[in-house]
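Colleague: structure for the following, please:
(one chain, ligands or ions: 1)
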Amino acid sequence: MRGAFDKIGVHQSARDKRSLSHAQFEGDRLLPNPISIRLFAPPDIVQTSALHLRELPDDFVTQFGERFLARYHQAFAESPYAMVIVANDYATGRVVGALLGTLDAPAHYRWLVRHHGAELALRGASRAILHPSLGRDLVGTRVDRYARGIVRALIPKQPSGERKDSLPRRVGLLAHVMVAGDYHRCGIGSSLVAAYEIRAKYAGLDQLELATLPDGWGAGPFYERIGWKHGGERMRKSGERVTLYYRMLPKDVEHDEEKATHRRRREH
Ligand SMILES: CC(C)(COP(=O)(O)OP(=O)(O)OC[C@H]1O[C@@H](n2cnc3c(N)ncnc32)[C@H](O)[C@@H]1OP(=O)(O)O)[C@@H](O)C(=O)NCCC(=O)NCCS
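Modeller: Residues are numbered from 1 along each chain as shown. Sure thing, here's the model as predicted:
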């Protein structure tokens, strides 16, 4: 299915807030550069990791530097359980936005540990040695949890054998979204999120979730503006307080029928 969505769409609605450097003239009429919203391609990696570093300095993963981020983005792009969607300025070739999201977070992080875990751990550890405050934060708040996650990822999952009356809800995690500062408020962030929502719906997901920093430090008002619902606050095990948002995906009749057939078969 990935191939069918290689080009997700072209976003053309730049607003008057957009700076003139991103625009062209036709006669005396000002035209915005078209922005394409598409799936990540390997040459994007340098630009998406640099964008992450610049636009999301407070993300924990950002503390590990650009090369770590490049590998992290590669893992999202290659994973069968996740995706990277980018916004590309056609005229300049510049990647001006990116979104990293999962279709199945536990399966994705298991896959990430198996396929990129050693490289990420190596890059992370060398960064932590060079930056002792990061090392202290890692050891003090996260290392136990990460170690348990790695062990879980490496042990093959046994089927529980337990009969469940209903199918579990399928939830995706919007992990990161970022737009270059000089392209903010042009509709790019919302186009990236819309493209992710469409793909998640096609993949049969019921709901998407995300966590952002509270009290004006995160992007809560943006998510509310584009129709996501406030899902309360949570204290992470690392001690960080986050605000949760979620979006129910509209039901697809065909998919509902498939689920009902599946349920009926299990009842007989
Ligand atoms: C948050 C972010 C992705 C939004 O991208 P964007 O391209 O500027 O957003 P859009 O132009 O699509 O905005 C869609 C709507 O949300 C509004 N909006 C965007 N950012 C907003 C903000 N910070 N506060 C309130 N409203 C906001 C826009 O005005 C627009 O509303 P309108 O349709 O009424 O005009 C971008 O500001 C960004 O990259 N910020 C830094 C990284 C970040 O915080 N990422 C989220 C981490 S969880």
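Colleague: where does the stretch 51-200 of the chain dip in pLDDT?
Modeller: Across the stretch 51-200 of the chain, residues meeting the criterion (pLDDT under 70) sit at 153, 156-166.
Colleague: now it against the ligand: closest residue?
Modeller: Nearest residue of the stretch 51-200 of the chain to the ligand: Gly189, at 2.2 Å (Cβ to the nearest ligand atom). For the C-beta atoms, the positions are set from N, CA and C on the backbone; glycine is no exception.
Colleague: wait, a helix at that residue?
Modeller: Yes: assessed by DSSP: H, G, I helix; E, B strand; the rest coil, Gly189 belongs to a helix.
Colleague: tell me how far it lies from Val177.
Modeller: 6 Å (Cβ to Cβ, to the nearest Å).
Colleague: and for these two, which residues touch both?
Modeller: Common neighbours of Gly189 and Val177 (criterion: Cβ atoms under 8 Å, 6 or more residues apart in numbering): Gly97.
Colleague: which of the three states applies to Ala125?
Modeller: Once three-state DSSP is applied, Ala125 turns out helix.
Colleague: give the contact list for the residue of the stretch 51-200 of the chain closest to the ligand.
Modeller: Gly97, Val177, Val179, Phe222, Ile226.
Colleague: tell me the phi and psi of Leu205?
Modeller: phi -70, psi 150 (degrees, to the nearest 10).
Colleague: re the thing from before, from Ile150, how far out is the residue of the stretch 51-200 of the chain closest to the ligand?
Modeller: 33 Å.
Colleague: before we move on, what about His108?
Modeller: 14 Å.
Colleague: more crowded one of the two?
Modeller: Shown here are His108 and Ile150; by other Cβ atoms under 10 Å, His108 has more neighbours (22 against 17).
Colleague: how far away from the center of its chain is the helix or strand encompassing Ala128?
Modeller: For Ala128, the host element (DSSP states H and E) is helix 105-130. The chain centre lies 17 Å from the centre of helix 105-130; the measure is Cα atoms, centre = their mean, to the nearest Å.
Colleague: show me what counts as buried in it.
Modeller: Buried positions in helix 105-130, judged by neighbour count with 16 or more other Cβ atoms under 10 Å: 105, 107-113, 116-117, 120, 123-124, 127-128.
Colleague: next up, the contacts around Ile45.
Modeller: Applying Cβ under 8 Å, 6+ apart to Ile45 gives the contacts Ala70, His73, Gln74.
Colleague: what strand or helix carries it?
Modeller: With DSSP H and E as the criterion, the answer for Ile45 is helix 45-55.
Colleague: is the ligand within reach of that helix?
Modeller: Yes: counting by Cβ under 6 Å from any ligand atom, the ligand is contacted by helix 45-55 at Glu55.
Colleague: pull the CA coordinates from that helix and hand them back as CSV.
Modeller: Output of helix 45-55 as CSV, limited to C-alpha atoms (Å, rounded to 0.1, in the frame of the first residue of the first chain):
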residue,chain,number,x,y,z
ILE,A,45,17.2,12.4,5.7
VAL,A,46,19.7,15.2,6.0
GLN,A,47,17.0,17.9,5.8
THR,A,48,14.4,16.1,8.0
SER,A,49,16.9,15.5,10.8
ALA,A,50,18.2,19.1,10.6
LEU,A,51,14.6,20.3,10.7
HIS,A,52,13.9,18.2,13.8
LEU,A,53,17.0,19.6,15.5
ARG,A,54,16.0,23.2,14.8
GLU,A,55,12.2,23.0,15.3
